[in-house]
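Engineer: Okay, structure incoming, though there's no sequence with it:
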């Protein structure tokens, strides 16, 4: 008879950053299903969905702690900056590096109150890994995007770029590097508070973790063929969000026109104008559309044509079973979920990880990419191509089949169990 696997205690940490919450809660749910003890530590507004899966919930106290998801309480306001460097620096100081001491103190206090076999952190709240370094606490990092930040030994990924694309991205990379240098003193100040030496590269803070788990499809990411002792691909972790509204779907309508799902960020990225131009474009096509606005945009801020439905949210897994096409800002969660449903997409990236996701979609032949400033006529023409040309659906289906197989092959629970340390 096989010995039952020991029951472990996990502390999962995340923050209300839109796509950062779903993967953490999906992993929490899988660990709970396997019989483990799970606490989720995040912003207070995530308490209902954390408790809905059966996890015990802890909210941040010293660290930034949102009680709602409205645009006025957004900590990240990179969309309001003049340059990429300014926007990224604002984000890094608001959460990632500038609040590292506060996140670390919260985690240290929580682990002092109740230990954990393993802490699951994020590459975007470096204070969690800092706390684990202070305590010599076993931890892992669960990334919810392609690896965007250069820690030592990071996997090199991304599609092959044309010379024009590479030239266009060089100034962007330079601005990102500038922002990292601007924010590094804040992280090192937090490290000095805990009597730890400074880092030459702020992203090396994640190396306090035993392993970095990349929550992205390896094939979608154009990632290395093999994992390493330092990092591993575990595929997109994407349960349906708990707060999605009910959607009646085709059963409530005799309308057989193709359904286009428009899903932009649940965080505010100053994207009202882009959504309006998408709505105007869809109003010129023989389709029906559903725009999910998220909690930061009000229905009255979008003028919807007669063939469009506006909703704050909808269960994307259900909607995508009926949809023919997706229009998205390019956040990894929406992109990955769409590809898992074999859906081609138009990606209009607004920054962050979204340009990289858009380039990957295009390189796989699964969709098209337009700037967020694109006019309604240009959007209409792109949508017409995506609906008419089978190659895009075929590209999405090929990629979706591989991604589903990757998820079947990966047992993230077993991976996390293996990283727990037995106490003598």
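Structural biologist: Nice, I can see it. As the structure is a prediction and not an experimental result, all values here were calculated from the model.
Engineer: next helix or strand past the helix or strand of the chain with the lowest mean pLDDT?
Structural biologist: Least confident element among the helices and strands of the chain, by mean pLDDT, DSSP states H and E: helix 316-322 (a mean of 87). Following helix 316-322 in sequence order, the next helix or strand is strand 323-328 (DSSP states H and E).
Engineer: Residue 54: how many residues sit nearby?
Structural biologist: The tally of other residues near residue 54 (other Cβ atoms under 10 Å) stands at 11. In this view, the C-beta of every residue, glycine as well, is placed from N, C-alpha and C.
Engineer: which intervals of the protein have sub-threshold pLDDT?
Structural biologist: Counting by pLDDT under 70, the chain has low-confidence residues at 1-4, 240-254, 421-424.
Engineer: Okay, domains of it per the record?
Structural biologist: Under the assignment automatic domain parsing, the domains of the chain span 9-209, 250-405.
Engineer: can you redo these as JSON lines with distance to residue 221?
Structural biologist: Converted to JSON lines, the domains of the chain look like this (distance: least, Cβ to Cβ, whole Å):
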{"stretch": "domain 9-209", "distance to residue 221": "5"}
{"stretch": "domain 250-405", "distance to residue 221": "7"}
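Engineer: between those domains, which gets nearest to residue 413?
Structural biologist: domain 9-209 (4.9 Å; Cβ to Cβ).
Engineer: ok now that closest one, how far from the chain's centre?
Structural biologist: Its chain's average C-alpha position is 11 Å from that of domain 9-209, according to Cα atoms, centre = their mean, to the nearest Å.
Engineer: can you tell me the distance between the two ends of it?
Structural biologist: Using Cα to Cα, to the nearest Å, one end of domain 9-209 lies 17 Å from the other.
Engineer: would you list every one of the strands in the chain?
Structural biologist: Taking DSSP state E as the test, the strands found in the chain are 9-13, 37-42, 56-59, 118-121, 139-143, 211-214, 231-233, 259-263, 288-292, 308-311, 323-328, 345-347, 367-369.
Engineer: Let's have the ones you listed in CSV, adding mean neighbour count.
Structural biologist: Formatted as CSV, the strands of the chain follow (neighbours: other Cβ atoms under 10 Å):
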stretch, mean neighbour count
strand 9-13, 24
strand 37-42, 24
strand 56-59, 18
strand 118-121, 26
strand 139-143, 25
strand 211-214, 24
strand 231-233, 21
strand 259-263, 25
strand 288-292, 23
strand 308-311, 18
strand 323-328, 24
strand 345-347, 27
strand 367-369, 23
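Engineer: Pull up the gap between residue 411 and residue 27, please.
Structural biologist: Plainly put, residue 411 is 12 Å away from residue 27 if you go by Cβ to Cβ, to the nearest Å.
Engineer: whoops, I mixed them up, residue 75
Structural biologist: For residue 75 relative to residue 27 (Cβ to Cβ), the value is 23 Å.
Engineer: Also residue 12?
Structural biologist: Computed as Cβ to Cβ, the residue 12 to residue 27 distance reads 7 Å.
Engineer: got it, and residue 71?
Structural biologist: With the distance defined as Cβ to Cβ, residue 71 ends up 28 Å from residue 27.
Engineer: ok, back up a step: out of the domains of the chain, which comes closest to residue 420?
Structural biologist: domain 9-209 (4.4 Å).
Engineer: quick one, helices of the stretch 51-200 of the chain?
Structural biologist: Under the criterion DSSP state H, counting those that start in this stretch, the stretch 51-200 of the chain contains helices at 84-91, 100-113, 126-135, 163-193.
Engineer: The second one to strand 9-13, inter-axis angle?
Structural biologist: Angle between the axes of helix 100-113 and strand 9-13 is 160 degrees (criterion: axes from the mean of the first three to the mean of the last three Cα atoms, to 10 degrees).
Engineer: Output the contacting helices and strands for helix 100-113.
Structural biologist: Applying 3 or more Cβ pairs under 8 Å, 6 or more residues apart in numbering; DSSP states H and E, we find helix 100-113 packed against strand 9-13, strand 37-42, helix 126-135, helix 163-193.
Engineer: same thing but 7 Å
Structural biologist: Here helix 100-113 touches strand 9-13, helix 126-135, helix 163-193, going by 3 or more Cβ pairs under 7 Å, 6 or more residues apart in numbering; DSSP states H and E.
Engineer: Run the angle between that helix and strand 139-143 for me.
Structural biologist: Using the same axes, to 10 degrees, helix 100-113 lies at 130 degrees relative to strand 139-143.
Engineer: With the last one instead?
Structural biologist: Taking the same axes, to 10 degrees, one finds helix 163-193 and strand 139-143 inclined to each other by 150 degrees.
Engineer: Show me whatever sits in contact with both of residue 12 and residue 27.
Structural biologist: Taking Cβ atoms under 7 Å, 6 or more residues apart in numbering as the contact rule, residue 12 and residue 27 both touch residue 120.
Engineer: picking that back up, ok, residue 71 and residue 27, which is more surrounded?
Structural biologist: Taking other Cβ under 10 Å, residue 71 and residue 27 do not tie; residue 27 has more neighbours (25 against 15).
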